[in-house]
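K.L.:
Okay, predicted coordinates and the sequence, questions at the end:
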Protein chains: 2
Amino acid sequence: MEQNKASAPVPPTKRVRCIVKLGGAAITCKNKLETIDEENLTEVSSQLRQALIPNSDSAKILGMDWSKRPGQSEPPSFVDEFSDQPVADSESFIVVHGAGSFGHFQASKSGVHKGGLSRPLVKAGFVATRISVTSLNLEIVRALAREGIPSIGMSPFSCGWSTCQRNMTEADISMVIKAIDAGFIPVLHGDAVLDTLQECTILSGDVIIRHLAAELKPEFVVFLTDVLGVYDRPPVEPGAVLIREIAVREDGSWSVVKPRLEDTSKPVEFTVAAHDTTGGMVTKITEAAMIAKLGIDVYITKVGAGRNGPLSESPEWNLERQHT
Amino acid sequence: MEQNKASAPVPPTKRVRCIVKLGGAAITCKNKLETIDEENLTEVSSQLRQALIPNSDSAKILGMDWSKRPGQSEPPSFVDEFSDQPVADSESFIVVHGAGSFGHFQASKSGVHKGGLSRPLVKAGFVATRISVTSLNLEIVRALAREGIPSIGMSPFSCGWSTCQRNMTEADISMVIKAIDAGFIPVLHGDAVLDTLQECTILSGDVIIRHLAAELKPEFVVFLTDVLGVYDRPPVEPGAVLIREIAVREDGSWSVVKPRLEDTSKPVEFTVAAHDTTGGMVTKITEAAMIAKLGIDVYITKVGAGRNGPLSESPEWNLERQHT
């Protein structure tokens, strides 16, 4: 389904350890237009810092967002302390975030995903969507930088990523690789992009993740969501069990490995949060399964679930390729 | 000095009419950290709208920034009126802006232009500079979009532009061309970029302009500045004359064409505003002369100087290639 027309990029010098998907619902208030969930974003940023910069001490972190703070006219004073900082040897991570309450209104109001740039509403919606999602990207880059994470915002549109009939056709990842090799953490996002057949569409964060995973073969992929995980039936039902591990077969089918379900005759039902308009858990599992099929471990975890340790040690549940 | 390693991009279907440089000093309060000159930016955006969308009526413009306004929780209501809008046939323009009071502190404090990403201060400064300049870019894209200009922010870093020993080596403009062909107005900016020899540096808006002008051969280039123009001597001296036209010869030398100066034995002295840290008028003339040498007319004009008409009709002074 996907192909990369660009000449094969030089692979990164150091292997990408992890691609992290920050779900739009996890970092924004999904029902409040263009509102960031500051508490969750701060927590995610801190968790990522612990995962990225081993042995980092939150008390000693010197931020990389030197912009003046609201109400201030001077840059933050800690900038002068920088020369004493040791070089933080960070892991190679890529962050991809969804849009949540950013971009969604603009995209759905104008129908950007359906194409047709000659229609003024679609053209304006394309511009408006990009303004909204890039403003979220800037705030996430800022939040990560404040934790001392060398984050670099990179828009798929500017990177030259485009689609044909909504399937990704051009996705030059050479700049992502160069950024990683230079020691930065690229921060990409779902974006409005050009489409060779229908003129424009929306490229989702999940498709970006899948493409990056296929090209860069990270050790693992983490989906940070706003829900604790997947249950075997609606969690309001008595006896609902939180699934810990799913195995994916080569043909894409999957089965629950942990916990051992007592009534195996009953199929697993997925709960979909009412506010999750992007397809809910079924979409998440499908996307995760496609990555797991590549031989890459996938973890889905709730923001804050790993409060007592680094991100990579606290998967709520994971998908693993079954070795048959 | 410059070379483009990328394969020759497909030229744009429609000729680029103009590249506009928004000087950092013209759109920001240069001595106030990260502060936009809102009045000037609004005026520039309105002037650009008149130049870009012929016969546009300011009363009927429906903005393309649909983000909620400060203090509001709903998107602007005009969005519902969009379907009645006629297609605005806009000219092919590219906007490039400087940094002014954005990015400057971060870049100079850390010495990003001198390179050395292994130094924590430089690495953090790189991240901090990009945060600052991309936040300015977002505000300019927003201001243009509010005027109904289909503006698309594109960061040179994300576009894969890089340098070698501070000279531009890679500048793939294919995405800029695709954006123009799709009817958008790309908005680029001076940026922190990777450098193959010294790891990183600052790529200035003026170098970007020169490269784009050389590749795309626009009809003309406009520098929008914060000063009225160039005088033959410091304007505080009695009898100082505002220069209207300079002719540039193939060898890069130039002479004043209009007005005819009475005392031709006296060399022209340039006034440099005290707050203009990027080299002042001498740099501006040098950059402008290099573009004029390509056979492209260059206009330098003060923001607001063309209050009574579209931008392209109100050059304060221009550089023209001398036909000898």
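P.N.:
It's in. Numbering: from 1, shown residues only, chains lettered A, B, ... in the order given.
K.L.:
Following element in sequence after the longest helix anywhere in chain A, please.
P.N.:
The residue-count maximum for a helix in chain A (DSSP state H) belongs to helix A:120-146. If you walk from helix A:120-146 toward the C-terminus, the next helix or strand you reach (DSSP states H and E) is strand A:151-153.
K.L.:
Packing partners of that following strand?
P.N.:
helix A:120-146, strand A:185-189, helix B:120-146 (3 or more C-beta pairs under 8 Å, 6 or more residues apart in numbering or on different chains; DSSP states H and E). For glycine as for every other residue, the C-beta is placed from the backbone atoms N, C-alpha and C.
K.L.:
near chain B at all, the helix or strand that it is followed by?
P.N.:
Under the assignment DSSP H and E, the closest C-terminal helix or strand after strand A:151-153 is helix A:156-159. Yes. For a cut-off given as C-beta under 8 Å from any C-beta of the partner chain, helix A:156-159 has contacts with chain B, namely A:157-159.
K.L.:
In the longest helix of chain A, which residues are buried?
P.N.:
Residues of helix A:120-146 classed as buried by neighbour count (16 or more other C-beta atoms under 10 Å in any protein chain shown): A:120-146.
K.L.:
before we move on, what about stretch A:24-42?
P.N.:
Neighbour-count burial for stretch A:24-42 flags A:24-30, A:33-34, A:36-37, A:40-41 (criterion: 16+ other C-beta under 10 Å).
K.L.:
Stretch A:43-54 now?
P.N.:
When neighbours are counted by 16+ other C-beta under 10 Å, the buried residues of stretch A:43-54 are found to be A:43-53.
K.L.:
And for stretch A:150-167?
P.N.:
Applying a neighbour-count criterion of 16+ other C-beta under 10 Å, one finds A:150-164, A:166 buried in stretch A:150-167.
K.L.:
now for these, which pair is the farthest apart?
P.N.:
Using C-beta to C-beta, the buried residues of stretch A:150-167 reach their maximum pairwise distance at A:Pro150 and A:Cys164, which is 34.1 Å.
K.L.:
Make a markdown table out of the buried residues of stretch A:43-54 and add distance to A:Leu212, pLDDT and secondary structure.
P.N.:
Putting the buried residues of stretch A:43-54 into a markdown table (distance: C-beta to C-beta, whole Å; pLDDT from 0 to 100; DSSP: H, G, I helix; E, B strand; the rest coil) gives the following:
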| residue | distance to A:Leu212 | pLDDT | secondary structure |
| --- | --- | --- | --- |
| A:Glu43 | 24 | 92 | helix |
| A:Val44 | 19 | 92 | helix |
| A:Ser45 | 20 | 94 | helix |
| A:Ser46 | 24 | 91 | helix |
| A:Gln47 | 20 | 88 | helix |
| A:Leu48 | 17 | 90 | helix |
| A:Arg49 | 21 | 90 | helix |
| A:Gln50 | 22 | 87 | helix |
| A:Ala51 | 18 | 85 | helix |
| A:Leu52 | 17 | 85 | helix |
| A:Ile53 | 21 | 80 | coil |
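K.L.:
give me the subset of those touching chain B.
P.N.:
When these are filtered against chain B using C-beta under 8 Å from any C-beta, no residues are retained.
K.L.:
for these, which one is nearest chain B?
P.N.:
For these, the minimum distance to chain B (C-beta to the nearest C-beta) is 11.6 Å, reached by A:Ile53.
K.L.:
ok, the closest one touching A:Gly148?
P.N.:
Yes. Look at A:Ile53 against A:Gly148 with C-beta atoms under 8 Å: they come within range, at 6.7 Å.
K.L.:
list the contacts for the nearest residue to A:Gly23 once chain neighbours are set aside?
P.N.:
Closest residue in space to A:Gly23, ignoring its immediate chain neighbours: A:Thr225 at 4.5 Å, by C-beta to C-beta, 6 or more residues apart in numbering or on different chains. If a contact means C-beta atoms under 8 Å, 6 or more residues apart in numbering or on different chains, then A:Thr225 has A:23, A:25-26, A:284, A:300-303 as its contacts.
K.L.:
I'd like these laid out as TSV, including secondary structure.
P.N.:
Formatted as TSV, the contacts of A:Thr225 follow (DSSP: H, G, I helix; E, B strand; the rest coil):
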residue	secondary structure
A:Gly23	coil
A:Ala25	helix
A:Ala26	helix
A:Lys284	helix
A:Ile300	strand
A:Thr301	strand
A:Lys302	strand
A:Val303	coil
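K.L.:
could you redo those as CSV and give each row pLDDT?
P.N.:
Written out in CSV, the entries for the contacts of A:Thr225 read as follows (pLDDT from 0 to 100):
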residue, pLDDT
A:Gly23, 89
A:Ala25, 87
A:Ala26, 89
A:Lys284, 70
A:Ile300, 82
A:Thr301, 81
A:Lys302, 80
A:Val303, 79
